[in-house]
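S.K.: Pasted the sequence and its predicted model underneath.
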Amino acid sequence: MLLVDGYNVAKSGWPRLDLRLQRERLVDALGNLQASTGARSEVVFDGVDDVEPWGRATPAWVRVEFTPSGTEADDRLLELLGHLPVTSPAVVVSDDRRVRDGARARGGNVLRVEQLLALLR
């Protein structure tokens, strides 16, 4: 399972695009990664109030979530990791130190944003 800090990755990967296109590019790239590796992904973006509804099909095994008002994607990623069985390998992708440290404390592996982007390109 790949747990992805959505805007952390999308804004680094496609900085010249508007937010909607950044999100779409990230989700499409994760779908391609899944097709070649079998890795399931969950992408969490901050703030449903700031964006239009997703409203598009996502690739198989890529789940997109927007956090409700008052909830940060960082917190949601760590919550999701905490709910995974200990027998399920998980990788959390973020450059946020709190997320990385929290993931390690919960038994998750971590990747920096640039490491994931290198895989996606």
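M.R.: Sure thing, it's come through.
S.K.: what number of residues lie near the residue nearest to residue 95 when sequence neighbours are not counted?
M.R.: Using CB to CB, 6 or more residues apart in numbering and skipping the chain neighbours, the partner closest in space to residue 95 is residue 113 (4.8 Å). Any C-beta I mention is one placed from the backbone N, CA and C, and that applies to glycine too. Neighbours of residue 113 under the rule other CB atoms under 10 Å: 19.
S.K.: Start at 684, not 1
M.R.: Okay, using 684 as the starting number, the last item reads as residue 796.
S.K.: residues contacting residue 796?
M.R.: For residue 796, the contact set (CB atoms under 8 Å, 6 or more residues apart in numbering) comprises 688, 691, 692, 695, 696, 776, 777, 778.
S.K.: Most widely separated two among those?
M.R.: 696 and 777 (13.2 Å; CB to CB).
S.K.: sorry, back to before: ok, so of the contacts of residue 796, who is nearest residue 763?
M.R.: residue 688 (11.2 Å).
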